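*Asks:* fold the following for me, if possible:
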Amino acid sequence: MTDISQLRKSYERAELSEQASHADPLRQFDQWLQEAIQGQVPEPNAMTLATVGGNLRPSTRVVLIKGCDERGVVFYTNYDSRKGTELAGNPFAAVQFHWVELERVVRIEGAVEKTSAAESDAYFSSRPLDSRIGAWASPQSQVIAGRSVLVANAAKFGARFMLQPPRPPHWGGYRLVPDEWQFWQGRASRLHDRLRYALRNGAWVRERLAP
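*Replies:* Numbers count the residues shown, from 1 in each chain. Below is the predicted model of the structure:
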């Protein structure tokens, strides 16, 4: 096996202070997201989503953020997937952004709810045609015999719907409603900056955590 015990990196790009950060975590997130986009970080909208199933085993996967405002963080997926099944039984989740090039991490936790059908319809109609067909073709998280199943399904639904595939009933959006945010900025000597925003009595309380 490759020896990875000596892999190390010194974090020295920036700092995160209480004075320079926003009192509202949404504004702080928007600033960092914009800086990740402007810095041409690969897939700055990619986030790791963690859910917990009825067996209490956590699972993670990478999804794409497709909206963020005062109501929460939005992503879209197959409701029948593992994540969808786990969220149906335990509607709480955590997401994490890792912008390696900026030496930054953002963590968000909270309850999860489905977006409205109108929101899901609007986003689905904006997707490229092949992605809309793919939503019908893939029985996400189910065992299939091989890739040929997906190819055959895509051909079948492509012929069926042509240029106007409707949103599948098993596909739509989720909104994570944050009750905690964490912003992590790498610093030298592993003395990283770590600010937590916790929702208490309807207001955000900002506090520093030890790294």
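
*Asks:* the biggest strand by length in the chain: what's the following helix or strand?
*Replies:* Criterion DSSP state E: the longest strand present in the chain is strand 171-185. Using DSSP states H and E, the helix or strand that follows strand 171-185 in sequence is strand 193-200.

*Asks:* how much space separates the closest residue to Gln185 other than its chain neighbours from Arg206?
*Replies:* Spatially, and ignoring its direct neighbours in sequence, Gln185 is nearest to Leu16 (3.8 Å; CB to CB, 6 or more residues apart in numbering). Every residue, glycine included, has its C-beta placed from N, CA and C. In this view, Leu16 and Arg206 are 11 Å apart by CB to CB, to the nearest Å.

*Asks:* for the two, list the residues in contact with both.
*Replies:* Taking CB atoms under 8 Å, 6 or more residues apart in numbering as the criterion, Leu16 and Arg206 both touch Leu195.

*Asks:* can you show me the helices along the protein?
*Replies:* Here the chain has its helices, by DSSP state H, at 25-38, 82-89, 117-126, 129-137, 147-161.

*Asks:* and the residue lying closest to Ile144 once chain neighbours are set aside, how many neighbours?
*Replies:* Among residues not flanking Ile144 along the chain, Leu150 sits closest, at 7.1 Å (CB to CB, 6+ apart). Leu150 has 14 neighbouring residues, counting by other CB atoms under 10 Å.

*Asks:* can you pull the contacts of Leu150?
*Replies:* 137-138, 144.

*Asks:* is it true that Trp136 touches Pro166?
*Replies:* No - Trp136 is not in contact with Pro166 according to CB atoms under 8 Å; the separation is 9.1 Å.

*Asks:* who has more neighbours, the two?
*Replies:* Of the pair Trp136 and Pro166, Trp136 is the one with more neighbours under other CB under 10 Å, namely 20 against 11.

*Asks:* residue with max distance from the center of this protein?
*Replies:* Ala159 (32.3 Å; CA atoms, centre = their mean).

*Asks:* distance of it from Phe124?
*Replies:* Counting by CB to CB, the gap from Ala159 to Phe124 is 19 Å.

*Asks:* ok, now Phe92?
*Replies:* 25 Å.

*Asks:* repeat for Phe157
*Replies:* Counting by CB to CB - Phe157 and Phe124 are separated by 14 Å.

*Asks:* out of Phe92 and Phe124, which sits in the busier spot?
*Replies:* Between Phe92 and Phe124, counting by other CB under 10 Å, Phe124 is the more crowded of the two (19 against 16).

*Asks:* and the nearest residue to Asp80 once chain neighbours are set aside, how many residues sit next to it?
*Replies:* Distances taken as CB to CB, 6+ apart place His170 nearest to Asp80, at 4.8 Å, with adjacent residues excluded. Look at His170: counted by other CB under 10 Å, it has 15 neighbours.

*Asks:* can you check the one 3 residues further on too?
*Replies:* The local packing of Gly173 (other CB under 10 Å) involves 22 other residues.

*Asks:* which ones are touching it?
*Replies:* 66, 74-76, 114-115, 119-120, 123.

*Asks:* reformat these as TSV; add pLDDT, neighbour count and distance to Ala198.
*Replies:* Shown next, in TSV, are the contacts of Gly173 (pLDDT from 0 to 100; neighbours: other CB atoms under 10 Å; distance: CB to CB, whole Å):
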residue	pLDDT	neighbour count	distance to Ala198
Lys66	98	16	26
Val74	98	19	22
Phe75	98	22	23
Tyr76	98	22	28
Lys114	98	16	25
Thr115	98	21	25
Glu119	98	17	28
Ser120	98	20	30
Tyr123	98	17	30
